[in-house]
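Colleague: mind looking at a prediction? Sequence and model below.
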Amino acid sequence: MTDAPQTRAETILAADLGTATTRVSLFDVVAGNFRYVASGEAPTTAAPPYSDVSEGLRLALGHLQDTTGRRMLDEMARLILPVSAEGAGCDAFVMTMSAGAPIRTILVGLLPDVSLKSARRVLDSAYVQVVDTLALNDHRRQEQQIDAVVKHRPEMVVVAGGTEGGANSALMALVENVQVGCYLLPPEERPRVLFMGNSALQEKVNAMLNSLTAVYSAPNARPTLEHEALNPARAMLAQVVRDVNAQRIGGLSLLDQSANGQVFPTALAEGQMVRFLSQPLPAPQAIVSLHLGSASTSVAVGLAGALHLTVAPDLGVGVSALNTLTSQPHEQFARWVPGGLSEAEALAFGLERQAYPHTIPGEAEEAFKDYALVRSALRGAVRRARAQWPPALQQRPEFVFAVGAGAPFSRAAHPGLAAMFMLDALQPVGRTALNLDRHHMLAALGAAAYVNPLATVQVLDTGALLPLGDALSILTGEVREGEVVCTARLINEQGVETNVDVKAGSLEVLPLPLNASGKLTLKPRSGVDAGNGPGRAFTSEVSGGVVGVIIDARGRPIALPEDSTRRAETLRQWVWKMSHL
Amino acid sequence: MRYLPPTRHVNLLATLRQERRLPFAGDVIARVGERVAATDVVAQADVADNHLLKDVARELGLPRDKVGAYIIKEEGELVESGEAIAVRKTFLGQQTITSPVRGRVAIVAEGRVLLVALTPLQLRAGVPGEVVNVIDHHGVVIELTGALLDGTWGNGREDTSVLRLLTDSATGVLQPAQLDLALRGAIVAAGRVEDASLFNKLQEIGARGLILASATAEQIPMLQHLAFPVMVSEGFGVFGYCEPAFQILKTGNTREVWLNAQTADVRRNMRPHLVVPLPGAASQPPAMPLDGELLKEGKRVRIVRGPDFGRLGTVIGLSDRAMPLPNGVRSHVAAVTLDETRGSRPTVSVPFANLELLE
């Protein structure tokens, strides 16, 4: 990349390195405001024969150049930074990434329900795999704990523990085992260490480990028994992850330089946007983003400005497909495929997806297996995330705004399917505005906010996300499938009325296009809650979208018919209602 | 639209470079320019992840700061099992602390000795050829001429031996009557196996590897646990080898081959593979297999999803925009003329994503 100093960041290029795909998005000032301009994409080239992610980035920039006619690369195929006199290139370059295998990590802490729990919540914000844990209640002998460090050859060790002013000898004994393990490993294989424990121990930990490996410090993630402080630790974790990846992914350190160190885990960048969007909303109104990829899935929930972020680095629809399938009972996957699927067939499907993660279904019936895999990954990730949500949200997942991101959403055959995936995964209650992040805007804007926060706000205001429409979830209670549980009447701005009898177990879509609003009245029967209490009518302004207004009367949890023939019909019916496919 | 599909190597004769790497740092024995045989050791290391802590101070009953003089081994020294690591002579006799393992003294500190048991690990060349590169402390790259067959699934093991192809047809099923002691030490290839008990029988008679065109999903866990390398060439289900793959097996029959059934890792572009070393013309060595090529007209491809799974063909056209598929998904598609089957060569439309290049 050219080495020119950066000027005021008016043209921002955001890149996202995914496991399968590298994407670039361009933002620029148009008529006085920041706008999203265009995107380009290409396969990620981390693996041989390229072993250099900058090649994939160049291909993606080539695609962007073809789309916009704007030159982004100079004669030496380097990114033009800053914008040239001819208007080529960009002023700032930021990057997010989820590429690369999860970082093998050993977690060190004291108590499972205190420091280790907070440390895991920090680690959940990144693409990390905890391969072992050293803790106070560890029954292994000292040399066995040392063996664990040497055998696993972790790329990172995270040390948490000790509330401020608390006892420290127990933690230092564990750190000593890490020290010995690091000493025994060759220098180039020693893990980086992130310390996020009792600040009084910081100097001792540095003294023990500084001569052996890189030590990073963050403020105590659990300063008191009652209080967590996760964000500073998450930010420092992002830095460690960046440094580990720069060492193991070819070409990344050069891109890191061009981005002036503004390289973030994709999930964290998205999470920051979700947190920002949730700030003006009073609890219990929550915002959620689901990002589904080939290798991993992330769930970011913003609640009154607090972020609850969970990355499932082993649940995805491509590279992690087999693991996704085997992480749940077979029946939970098979029942979502019309006609069912034997365990052997499901295993074969998982093996094929894992071997050829980039493939897509062409036939309609074939696509149902992919839909079921999407649901499995999302449901698995939401289940893990849910355990960290505040109790009120766990009991009643009321999301006023939801976003779906990742190829399974953005490349779904119809946006109605993307809406259905979100509803299936979250099973929200109340009213939820469903949106599609077709161009990985949340991650790009989350990273761009560091160089120009104004850009982020203005781009969001001008439709960075594609509204699918409002979804109203009806709590049907114990009713027979097919019984009318509610009537729905939608009156649009032109006064046109649409009336539907909503049956238990159904999905209905009422027409209301993008940028349109209307008035929806739901009149539930006795015992059915349409949003205003059991049996009480509910009237609300609703917003349209590319799908329309969706009424989900499938029950919470969603109930599928036990009979396999009826179940197959129901699944096809739902897909047809949402997409006419 | 420029598209980079994955590449599968099914190459009858090429100049190949095989990387042989220790899992961690060790000593590389082979040198650049050296010719090696398949069974030559090219690198070695000690597996050192089993530690034992001897609390010498406690065992001798001495304060920790007084014990140093009695520890007779230094850090880095090798010890044999039963060898003394600390000796204290008193007027009552001699106290000796011995090492319970053959290993090395890792750390001596505060009256304690941390020992590590050493298990030697030798890395063999696997293929005959010339060492063209040394990877610092980790291994070598060996160049040879031969055939290369990439597979779809492997059980993570590797070995070198003679290949025995036990079928005349690409779809041939391995029969119980074919398993006899003559297969001891051989890498066996067949189309597929219907009787899963044959897997253990192969192990019992001492086979050293297995190559199948396809395996069912139920068979995969059994294949995973076999003690020898297993590679599934084409995929999961019931079908035979593609023609060029079967040609490679026929060429390799009764020759010494290298079966590297490494676990497939898409992130690192790693696939299990079979190498058949073959003599090449010294004057005109064959080209190296291509990698990282763009999808374009004239390329040979294999379809990896959909009703034509496994079929080979040639690209005759590429769409310049995304087209709707029967299920509504939009995708760029390639027109592929399939290889002749029963006298016909149909042309099918295949999403870019469902193709891999054959090189």
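Modeller: Sure thing, it's come through.

Colleague: which other helices and strands contact the lowest-mean-pLDDT helix or strand in chain A?
Modeller: One helix or strand of chain A scores below all others by mean pLDDT, DSSP states H and E: helix A:453-461, with a mean of 86. Here helix A:453-461 touches strand A:33-43, helix A:266-278, helix A:441-448, going by 3 or more Cβ pairs under 8 Å, 6 or more residues apart in numbering or on different chains; DSSP states H and E. Glycine gets a C-beta too; all of them are placed from N, C-alpha and C.

Colleague: what does the longest one contact?
Modeller: Counting contacts by Cβ atoms under 8 Å, 6 or more residues apart in numbering or on different chains, the residues outside helix A:266-278 that touch it are A:16, A:18, A:96-98, A:125-127, A:234, A:238, A:285-289, A:291, A:296, A:298, A:300-307, A:309, A:311, A:401, A:403, A:405, A:442-447, A:449, A:456, A:460.

Colleague: pLDDT on it, on average?
Modeller: For helix A:266-278, mean pLDDT is 93.

Colleague: which is the next helix or strand following that helix?
Modeller: Moving toward the C-terminus from helix A:266-278, the next helix or strand (DSSP states H and E) is strand A:286-292.

Colleague: what's the burial count for whichever residue of chain B sits closest to chain A?
Modeller: At 3.2 Å from chain A, B:Gly328 is the closest residue in chain B, using Cβ to the nearest Cβ. Close neighbours of B:Gly328, defined as other Cβ atoms under 10 Å in any protein chain shown, add up to 17.

Colleague: do the same with B:Pro279
Modeller: When counting by other Cβ under 10 Å, one arrives at 9 neighbours for B:Pro279.

Colleague: a strand runs through B:Gly235, doesn't it?
Modeller: Yes. According to DSSP: H, G, I helix; E, B strand; the rest coil, B:Gly235 belongs to a strand.

Colleague: residues contacting the closest residue to it other than its chain neighbours?
Modeller: Using Cβ to Cβ, 6 or more residues apart in numbering or on different chains and skipping the chain neighbours, the partner closest in space to B:Gly235 is B:Thr152 (5.2 Å). By Cβ under 8 Å, 6+ apart, the contact list for B:Thr152 reads A:Ala355, B:Val232, B:Ser233, B:Glu234, B:Gly235, B:Phe236, B:Ala264, B:Arg271, B:Pro272.

Colleague: helix, strand, or coil at whichever residue of the stretch 351-500 of chain A sits closest to chain B?
Modeller: Going by Cβ to the nearest Cβ, chain B is nearest to A:Ala413 of the stretch 351-500 of chain A, at 3.2 Å. Taking three-state DSSP as the rule, one finds A:Ala413 in the coil state.

Colleague: wait, doesn't it sit right on A:Ala367?
Modeller: Yes. The criterion here is Cβ atoms under 8 Å, and A:Ala413 meets it with A:Ala367 at 6.9 Å.

Colleague: any common contacting residues for those two?
Modeller: B:Asn327, B:Val329.

Colleague: around chain B, which positions in the stretch 251-400 of chain A sit nearby?
Modeller: Within the stretch 251-400 of chain A, the positions near chain B by Cβ under 8 Å from any Cβ of the partner chain are A:295, A:318-319, A:343-348, A:351-352, A:354-364, A:366-367.

Colleague: PyMOL command to pick out the buried ones of the residues you listed?
Modeller: Here is the PyMOL command that selects the buried residues among these (16 or more other Cβ atoms under 10 Å in any protein chain shown):
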select buried, chain A and resi 295+318+319+344+345+346+347+348+351+352+354+355+356+357+358+359+360+361+362+364+366+367
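
Colleague: just give me the neighbour total for residue 84.
Modeller: I'll assume chain A. For A:Ser84, the neighbour count with other Cβ under 10 Å is 13.

Colleague: hmm, no, I was thinking of chain B.
Modeller: 14.

Colleague: off-centre distance for stretch B:138-155?
Modeller: 8 Å (Cα atoms, centre = their mean, to the nearest Å).

Colleague: quick one: average pLDDT of it?
Modeller: pLDDT averaged over stretch B:138-155 gives 97.

Colleague: kindly export that stretch (C-alpha atoms) in PDB.
Modeller: Coordinates of the C-alpha atoms in stretch B:138-155 are reproduced here as PDB (Å, rounded to 0.1, in the frame of the first residue of the first chain):
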ATOM      1  CA  HIS B 138      10.700 -28.200  10.900                       C
ATOM      2  CA  GLY B 139      11.200 -30.200   7.700                       C
ATOM      3  CA  VAL B 140      11.900 -30.300   4.000                       C
ATOM      4  CA  VAL B 141      10.300 -30.000   0.600                       C
ATOM      5  CA  ILE B 142      10.900 -32.900  -1.700                       C
ATOM      6  CA  GLU B 143      10.600 -32.700  -5.400                       C
ATOM      7  CA  LEU B 144       9.800 -35.700  -7.600                       C
ATOM      8  CA  THR B 145       7.900 -36.600 -10.700                       C
ATOM      9  CA  GLY B 146       4.700 -38.600 -10.400                       C
ATOM     10  CA  ALA B 147       1.000 -38.800 -10.300                       C
ATOM     11  CA  LEU B 148      -1.100 -36.900  -7.800                       C
ATOM     12  CA  LEU B 149      -4.600 -37.700  -6.700                       C
ATOM     13  CA  ASP B 150      -6.400 -35.400  -4.300                       C
ATOM     14  CA  GLY B 151      -9.100 -37.000  -2.200                       C
ATOM     15  CA  THR B 152     -12.100 -35.700  -0.300                       C
ATOM     16  CA  TRP B 153     -11.700 -37.200   3.100                       C
ATOM     17  CA  GLY B 154      -8.900 -38.700   5.100                       C
ATOM     18  CA  ASN B 155      -8.500 -40.200   8.500                       C
END
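
Colleague: quick check: longest helix of the chain.
Modeller: Just going to use chain A. helix A:364-386 (DSSP state H).

Colleague: to clarify, I was referring to chain B.
Modeller: Secondary structure assigned by DSSP H gives helix B:243-252 as the longest helix of chain B.

Colleague: that one vs chain A: in contact?
Modeller: No. Using Cβ under 8 Å from any Cβ, helix B:243-252 stays clear of chain A, with a minimum separation of 15.5 Å.

Colleague: for the residue nearest to B:Gly235, what are phi and psi?
Modeller: phi -110, psi -40 (degrees, to the nearest 10).

Colleague: contacting residues around the host helix or strand of B:Ala189?
Modeller: Using DSSP H and E, B:Ala189 sits in strand B:186-190. Contact with strand B:186-190 is made by B:159, B:161-167, B:172-174, B:202, B:207-213, B:228-229, B:249, B:253, B:257, B:259, as judged by Cβ under 8 Å, 6+ apart.
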